[in-house]
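Engineer: got a predicted structure here, sequence first:
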Amino acid sequence: MAEMIEGHGGELALAALRAFGVTEMFTLSGGHVFPLYDAAHRTGFGIYDVRHEQSAVFAAEAVAKLQRRPGLAVLTAGPGVTNGVSGLTSAFFNASPVLVMGGRAPAFRWGAGSLQEIDHVPLVRPVTKYAATAAGTAAIPAEVAAALTAALTPHRGPAFLDVPLEVLFSSEDAAAPATPEIPVLEPDPDEVSRAAALIAGAERPVIIAGSDVWAGDAVDALRAAAEALRVPVFTNGMGRGALPPGHPLAFAKARRPALNEADVVVVIGTPLDFRLGFGEFAAAQVVHIVDAPSQRAEHVATAVSPAGDLRLILTALAGHAGDRRDHGEWIEGLRSAEDAGRARDAEAMAAETDPIKPARVYGELRKVLADDAVTIGDGGDFVSYAGRYLEPARPGTWLDPGPYGCLGTGMGYAMGARVTYPDRQVCVLMGDGAAGFSLMDAESLARQRLPVVIVVGNNGIWGLEKHPMRAMYGYDVAADLQPGLRYDDVVTALGGAGETVEKPGEIGPALERAFAAGVPYLVNVLTDPADAYPRSSNLA
Ligand SMILES: Cc1ncc(C[n+]2csc(CCOP(=O)(O)OP(=O)(O)O)c2C)c(N)n1
Ligand SMILES: [Mg+2]
């Protein structure tokens with residue numbers, strides 16, 4: 001017979017969450033969810049609170065991305081949940097195992113007009129893998145476990161469970177949560193060997209590896225497959241850093257010649273979306289390796305598309321026993337393109353201009369970032385430059401918003417990263433426009449002693465919108481911000497510290513002070529508003 005546990009709804013929920021390795025919640029207070037706080041407070045389960053619910057969901061997402069286990073946001077009924085919807089949607093696009101637990105107006109008088117009475121489930125169903133309302137107090141552990149199992153089963157993604165007020169506050173006996181079991185999907189071995197033969201027989205193969213390689217703990221298998229088949233590797237999302245930058249098969253700058261000239265492009269653990277030219281690569285055949293059949297691209301013809309556990313698939317590729325071509329010449333050619341790109345970047349990153357160009361900010365940042373630093377991008381052009389100039393040395397250290405492209409992740413991701421790694425550098429690269437969405441949560445970070453460094457690329461505009469609008473119409477509207485605004489003073493007023501930098505030579509010393517500060521510290525770099533990120537292709 002199953003072991004029984006007893007408690008109110010909050011205690012029952014936390015018992016199930018703990019079984020899945022969850023140790024903290026991110027939240028913004030509301031009476032509907034008090035029992036979850038009570039259970040956490042009395043048992044040492046972490047409680048981190050924020051100033052806007054979207055930051056709570058983004059913080060939970062950062063935990064999920066970095067630790068590859070569920071991240072939890074607890075949101076109060078009604079507006080608490082609706083404020084979290086962009087965060088849930090980002091997690092859905094990013095395949096992040098986030099659980100949002102919502103408060104909910106009482107079930108026993110549903111329809112009578114209780115405060116914040118709305119059915120959240122239809123609102124969040126399209127952006128979650130699981131969305132339900134707890135049926136009763138005793139059912140809570142099983143429902144939490146079902147939500148988390150759905151979130152962790154590839155293709156991963158967020159889950160939602162709301163609990164009516166009286167259901168959460170009541171006490172009952174319930175079956176103790178069972179040990180989590182996440183199914184492992186075996187790939188079709190035929191498809192895997194066809195993929196292996198195609199790659200091994202190609203003259204000019206390329207691998208592009210994305211977030212699911214990290215999420216599926218398949219980084220070592222990726223490396224083994226690339227080395228065994230001798231294929232150059234490019235990465236995006238959480239896959240960045242999967243091969244260390246010095247690895248002979250690691251490439252970043254030679255992407256254009258690689259994709260234009262390749263005869264086989266192998267895309268692993270990332271969709272064939274706008275970031276990859278929708279999967280149309282000149283003359284190349286496409287092999288799309290995905291962690292679940294639902295992720296196979298339908299808008300483009302692929303040569304073969306093995307689906308299943310990425311570690312199993314990549315390990316099988318590494319063990320390919322058939323013939324293989326020598327790719328030495330191809331790799332050498334790409335290496336010279338890579339070196340040329342690197343030399344161009346080095347020049348830009350050292351440029352002594354007035355006003356400062358964003359590239360120089362990254363040149364200086366690279367000198368102070370440790371190998372295990374977590375870097376977070378939240379903004380437009382300034383973050384496109386971060387993607388280009390920062391090279392994560394390890395996988396699972398680079399957090400971008402992903403294909404949903406939602407501004408406002410910055411402070412939430414920073415909170416999740418700091419909670420995950422109390423001793424590492426955590427650095428947010430933020431546009432001045434992006435700052436408006438979440439900077440108030442610098443207060444949450446300061447108050448809860450969660451120091452992070454925030455570098456604002458302050459061009460005084462919504463750059464990624466202003467430049468294109470001017471190019472299209474010859475004028476722009478709704479694209480200006482206050483030039484030279486003192487975002488550092490904002491963070492100082494909120495309990496942190498900061499400074500404004502106007503000359504290239506001041507950036508390095510300011511960053512040194514920022515990382516030593518021990519409080520949230522904003523380096524407000526005034527950058528050139530005339531500078532626009534060159535977007536000549538959709539491979540940004
Ligand atoms: C929530 C949200 N609102 C609007 C946009 C559209 N958008 C994309 S980039 C951008 C400009 C960002 O400006 P800033 O953060 O200052 O960075 P910059 O491009 O100036 O470097 C905007 C408004 C978005 N992606 N997300
Ligand atoms: Mg800007």
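Structural biologist: Here it is on my side, so go on. Keep in mind it's a predicted model, so treat the numbers as computed, not measured. Numbers count the residues shown, from 1 in each chain. Ligands and ions are numbered 1, 2, ... in the order given.
Engineer: which non-adjacent residue is nearest Leu36?
Structural biologist: Gly10 (4.3 Å; CB to CB, 6 or more residues apart in numbering). Quick note: C-beta positions are derived from backbone N, CA and C, even for glycine.
Engineer: wait, that neighbour touches Tyr37, no?
Structural biologist: Yes: counting by CB atoms under 8 Å, Tyr37 is a contact partner of Gly10 at 7.2 Å.
Engineer: quick one: contacts for His467?
Structural biologist: By CB atoms under 8 Å, 6 or more residues apart in numbering, the contact list for His467 reads Asp381, Ala532.
Engineer: which strand or helix spans it?
Structural biologist: helix 463-473 (DSSP states H and E).
Engineer: before we move on, what about Val266?
Structural biologist: Going by DSSP H and E, Val266 is part of strand 264-268.
Engineer: looking at Gly10 and Tyr37, which one has more neighbours?
Structural biologist: Gly10 (26 against 18; other CB atoms under 10 Å).
Engineer: show the pLDDT at the residue nearest the centre of the chain.
Structural biologist: Nearest to the geometric centre of the chain sits Leu399, at 4.6 Å (CA atoms, centre = their mean). For Leu399, the pLDDT comes out at 98.
Engineer: got the residues of the protein near ligand 1?
Structural biologist: Near ligand 1, the residues belonging to the chain are 379-382, 405-408, 431-434, 457, 459, 461-465 when assessed by CB under 6 Å from any ligand atom.
Engineer: can you flag the buried ones in those?
Structural biologist: 379-382, 406-408, 431-434, 457, 459, 461-464 (16 or more other CB atoms under 10 Å).
Engineer: ok, back up a step: I'd like the average pLDDT over the helix holding His467.
Structural biologist: On average, helix 463-473 scores 97.
Engineer: next one: it to chain centre, how far?
Structural biologist: 27 Å (CA atoms, centre = their mean, to the nearest Å).
Engineer: and the next helix or strand after that helix, what's buried?
Structural biologist: The helix or strand immediately downstream of helix 463-473 is helix 487-493, counting by DSSP H and E. By neighbour count with 16+ other CB under 10 Å, helix 487-493 contains the buried residues Tyr487, Asp488, Val490, Val491, Thr492.
Engineer: please tell me how far Pro126 sits from ligand 1.
Structural biologist: From Pro126 across to ligand 1, the span is 18 Å (CB to the nearest ligand atom, to the nearest Å).
Engineer: what's around that residue, how many residues?
Structural biologist: By other CB under 10 Å, neighbour count at Pro126 equals 10.
Engineer: spit out the contact partners of it.
Structural biologist: No contacts exist for Pro126 under CB under 8 Å, 6+ apart.
Engineer: cool, and the one 5 residues further on?
Structural biologist: When the contact criterion is CB under 8 Å, 6+ apart, the partners of Ala131 are His120, Val121, Val124, Arg125, Ala159, Phe160, Leu161.
Engineer: run through the bridge partners of it.
Structural biologist: Beta-bridge pairing for Ala131 (DSSP bridges): Phe160.
Engineer: look at it and report its pLDDT.
Structural biologist: Value for Ala131, per-residue pLDDT: 98.
Engineer: ditto for Ser537
Structural biologist: Taking Ser537 on its own, its pLDDT is 40.
Engineer: and for Lys367?
Structural biologist: pLDDT at Lys367 comes out at 98.
Engineer: that one and Gly508 touch, don't they?
Structural biologist: Yes: between Lys367 and Gly508 there is a contact under CB under 8 Å: 6.4 Å.
Engineer: who has more neighbours, the two?
Structural biologist: Higher neighbour count among Lys367 and Gly508: Gly508, with 16 against 11, using other CB under 10 Å.
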